[in-house]
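> Quick one, fold the following:
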Amino acid sequence: MQQRFNELVTEQLETMDKLLFLQSEIERCQELEGELIELQEMTKVESLQKEIRSKKKELREIQQIFQRKTDQVILSYQKEQSSVTS
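Predicted coordinates:
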């Protein structure tokens, strides 16, 4: 039980790293978007907007994975606690 819990926590940390990376990438792209708009380079802006949409979609998917893994960690912990107290 403890090993499964540890595996789930490790997976959760990896997923959190992906979330943080994607969030920082979205922020970076949005900053670039603002700069390009100021420079009125609309062709590049459109390409960047597409990249932002793609990264936001990926972020939503990883957030869903993160939520599922959180639920698994909680369930694993509850099972471990119930087996300890039984």
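> now for the host helix or strand of G34, which elements pack on it?
Secondary structure assigned from DSSP states H and E places G34 in helix 2-39. Secondary-structure packing of helix 2-39 (3 or more Cβ pairs under 8 Å, 6 or more residues apart in numbering; DSSP states H and E): helix 42-85. Heads up, the C-betas are built off the backbone N, CA and C, glycines and all.
> so what does the helix it packs on touch, helix or strand wise?
Secondary-structure packing of helix 42-85 (3+ Cβ pairs under 8 Å, 6+ apart): helix 2-39.
> excluding its backbone neighbours, what's nearest the residue nearest in space to the middle of the chain?
To find the centre residue of the chain, average its C-alpha atoms and take the closest one (Cα atoms, centre = their mean): that gives L19, at 2.3 Å. Across the structure, with Cβ to Cβ, 6 or more residues apart in numbering as the measure, the residue nearest L19 apart from its sequence neighbours is I62 (5.5 Å).
> From E80, how far off is Q30?
In this structure, Q30 lies at 42 Å from E80, with Cβ to Cβ, to the nearest Å as the measure.
> Also K44?
Between K44 and E80 the distance is 52 Å, computed by Cβ to Cβ.
> Same check on L19?
Per Cβ to Cβ, L19 is found 25 Å from E80.
> Any idea how many residues pack against K55?
Residues contacting K55 under the criterion other Cβ atoms under 10 Å number 19.
> Read off the pLDDT value for it.
What the model reports for K55 is a pLDDT of 94.
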